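Peer 1: Below are the sequence and a predicted model; questions follow.
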Amino acid sequence: MLLNVLTDDYIDFIDTLSQEANIMDKSFYVIVPYWPMGDIDTLKRSSKSLFGTIFGGGGPARSIVVNHATYEKSKDEIKNRVDAVMSGLFQLGIKCVQLNTRELGELYYNFYNPDTAVREPLGDFESITAMYVRKGQGEAPQQHLIREEDK
């Protein structure tokens, strides 16, 4: 009898504690991968060339060109995949949201720089982002290599 009363009292205590104090706040992040349309052999060849470039001393630099139609089609495909994952999680009773570019940047910054993030929070994120980055032509001028008579 006494054990039942103590157990009920302990259950009430844990229930009250979990409701009043935020003792466990868990966040999980789901990453939805995307590979362009293609077969598995193409994927294997591209991964082999990637590792060959990393471990084989490199090679000529390659540029990846994606036209606007392919970009939009890929964007729609990844959106459909994200919607499918989110609806599946919602059916399980899990609340989920899709992070935008700013939120992803803050997440990565805070995750990989926990000490710095407290002292130096990210500034205006819009000023440091772009839709894409393109390599310029030639090399950047190196001021320390320019002779005085050429200036």
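Peer 2: Now that the structure is in, tell me what you want to look at.
Peer 1: Count the neighbours of residue 1 for me.
Peer 2: Residues lying near residue 1 (other CB atoms under 10 Å) number 5. The way it works is simple: take the backbone N, C-alpha and C, and place the C-beta from them, glycine included.
Peer 1: So for it, what pLDDT did the model give?
Peer 2: Listed pLDDT for residue 1 reads 76.
Peer 1: show me the biggest helix of this protein in terms of residues.
Peer 2: Counting by DSSP state H, the longest helix found in the chain is helix 68-91.
Peer 1: May I see the buried residues of that one?
Peer 2: By 16 or more other CB atoms under 10 Å, the buried positions in helix 68-91 come out as residue 86.
Peer 1: Provide the contact partners of that helix at residue level.
Peer 2: Residues outside helix 68-91 that contact it (CB atoms under 8 Å, 6 or more residues apart in numbering): 30, 32, 34, 36, 66, 96, 98.
Peer 1: Swap in 6 Å and give it another go.
Peer 2: Helix 68-91 is touched from outside by 32, 34, 96, 98, with contacts defined as CB atoms under 6 Å, 6 or more residues apart in numbering.
Peer 1: what pLDDT, on average, does the helix or strand just after that helix get?
Peer 2: Downstream of helix 68-91, the next assigned helix or strand under DSSP states H and E is helix 101-112. Helix 101-112 carries an average pLDDT of 86.
Peer 1: So which of the contacts of helix 68-91 is the closest to residue 116?
Peer 2: Using CB to CB, residue 98 comes nearest to residue 116 of those, at 26.5 Å.
Peer 1: Find the nearest non-adjacent residue to the closest one, please.
Peer 2: residue 82 (5.9 Å; CB to CB, 6 or more residues apart in numbering).
Peer 1: Could you measure from that neighbour over to residue 102?
Peer 2: 17 Å (CB to CB, to the nearest Å).
Peer 1: Residue 7 now?
Peer 2: In terms of CB to CB, residue 7 sits 48 Å off from residue 102.
Peer 1: These two: which has the busier surroundings?
Peer 2: With neighbours defined as other CB under 10 Å, residue 7 and residue 102 compare such that residue 102 has more, 13 against 10.
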